Every structure is written in structure tokens, then in C-alpha cells.
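[1] Compute the structure for the input listed below.
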Amino acid sequence: MSCVTIGGDIEFLRRQDTDMAVIDPSRTWEPLEQRLAVTTNERHRVVLNAVLTHAKAEAVPDLDGLMATLCPTPDYHFWNDGQDVGPKGTEGVRAYYTAFVESRSNVLEFAIDRLVVDDHCLVTEGDLKQIYPGSYAAQIGIPVDDESADYLIVFRQLILWPVDENGLIQGEDSYHSGPRSITKLSFDELPQEYIDLVHTPAH
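    Sure, this is the predicted structure:
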């Protein structure tokens, strides 16, 4: 893999290794399933199951199933540059997820390498990997050199998932680093679900 450092922070990469899939959504919930398999505390199992169900519904995407994992008044906090830009309330969150799917950037993998759970909250930290159409990446301010290409964008992200007494997620408190790396992908490197979503003509 070759790389050029941009501004000391972001690296533009061109992949050379193809041994592992660029994106595998199942790797998002594997750490949750592994922790659930060894967790005997019933309340902790409720918290883990809530987030596990949510992650799988988001991957489908199953908007109704995803919304069913949330409490009646979900409150999201996405902290970017000191500002909270997270959606609020059921309608706000539903609109957020609808727009997320429409952006075609919802083929993702959250490679969790730290997981902490207690009676009221799950904390996940890892590398969030998403494939973006170049045009959408440019639209939201991610620097790309070809808007007709597709890019693997990696963020370092920490999410707190508060869960209420009924086992419903109260929101997401998310903190991320901004892009750690930006990788231009060849067509052969794109997962089939992304090709179907972005590059298959609508009939």
C-alpha cells in the first residue's frame, strides 16, 4: 500500500493488498456477539443485545427494525468540531437514517477494538470504515481528487450507547477524529452490496 501524507494528518492511499475484504459489515457485530457469548450478567446482556440488534438492522438497512431498537424520545449527540450535530427525537432520527441510506454511504464496518458495558451503557471504540461516492465525499467536505471515483474513508470513533430500563437505546453519543485516511478504490475492490447500491442502474 502506497501513501502520501496530506497536511500531516490525512493520508491518501492506493490499495495494493487484496487479501481481506475492504468492508465486511459482519465484523461490526462480531465483537458484540463474542462478548455476549461470555457474559452472564443479565442486565449487561440486555444492553449488548440492544446494540447488536441495532447494528444488524442498520446494515440491512431495515429502518423500521432499527427504529424499534430506540426509546420513544431518542437523543443523538454527534460531536464534530465542538458542535453537537446529532438528530433529536423520533422524527429527527428517522429523517437522519433515511438521508444516510439515500447518501449511499451506508456500506460500512465499525472495527471495534474496545468494548465496555455496564447496567446502563455500552461503549464502543474502533475504526469506522465507510465507502463514499466521490461526489458525496466532496459535498460534505472530505477532500478527494476524483468525484467520479469511490473512496474508503476511515475515522477513529468512540460511541456511548445509553440503554433504558426497557432495553431500548436512548441515543448515540459519538466522537470521531475526522478522516484518518482516504483510499481511492478500484472497481474490483468494491463489495457487491456497494456495487448494487451505487453502480447498478435503476430500472
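[2] Give me the contacts around the lengthiest helix in the chain.
    Among the segments of the chain that qualify as a helix by DSSP state H, the longest is helix 42-59. The list of residues contacting helix 42-59 from outside it, by Cβ atoms under 8 Å, 6 or more residues apart in numbering, reads 25, 28-29, 32-33, 35-36, 39, 63, 65-66, 68-70, 97, 106, 108, 110, 117-122, 124, 161, 163, 167-169. All C-beta spots, glycine's among them, are computed from the backbone N, C-alpha and C.
[3] Of these, select the buried ones using a ChimeraX command.
    Those of these that count as buried under 16 or more other Cβ atoms under 10 Å are selected in ChimeraX with:
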select :25,28,29,32,35,36,66,69,70,97,106,108,110,117,121,122,124,161,163,168,169
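[4] now the helices: where do they sit in this protein?
    With helices called from DSSP H, the chain shows them at 26-38, 42-59, 63-67, 89-102, 134-139, 192-194.
[5] Which one of those lies nearest to Pro179?
    Ranking the helices of the chain by distance to Pro179, with Cβ to Cβ as the measure, places helix 134-139 first at 9.0 Å.
[6] Which elements pack onto that closest one?
    If you count contacts as 3 or more Cβ pairs under 8 Å, 6 or more residues apart in numbering; DSSP states H and E, helix 134-139 packs onto strand 150-162.
[7] Across the sheet, point out what pairs with Leu115.
    Thr124 (DSSP bridges).
[8] re the thing from before, highest mean neighbour count across the helices of the chain, which stretch is it?
    helix 42-59 (a mean of 19; mean count of other Cβ atoms under 10 Å).
[9] relative to helix 89-102, how tilted is that one?
    If you take axes from the mean of the first three to the mean of the last three Cα atoms, to 10 degrees, helix 42-59 sits at 50 degrees to helix 89-102.
[10] any weak-confidence spans in this structure?
    Residue ranges of the chain with pLDDT under 70: 1-20, 104-105, 201-203.
[11] was I right about Val163 contacting Asp118?
    No: applying Cβ atoms under 8 Å as the test, Val163 and Asp118 come out as separate, 9.8 Å apart.
[12] returning to that earlier point: adding distance to His77, write the helices of the chain out as a markdown table.
    Converted to a markdown table, these look like this (distance: least, Cβ to Cβ, whole Å):
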| stretch | distance to His77 |
| --- | --- |
| helix 26-38 | 21 |
| helix 42-59 | 16 |
| helix 63-67 | 18 |
| helix 89-102 | 12 |
| helix 134-139 | 23 |
| helix 192-194 | 28 |
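[13] mind checking which of these is nearest Gln157?
    Minimum separation from Gln157 across the helices of the chain (Cβ to Cβ) falls at helix 26-38, 11.6 Å.
[14] For the closest one, which outside residues touch it?
    With Cβ under 8 Å, 6+ apart, helix 26-38 has contacts from 45, 48-49, 51-52, 55-56, 59, 108-113, 115, 117, 124.
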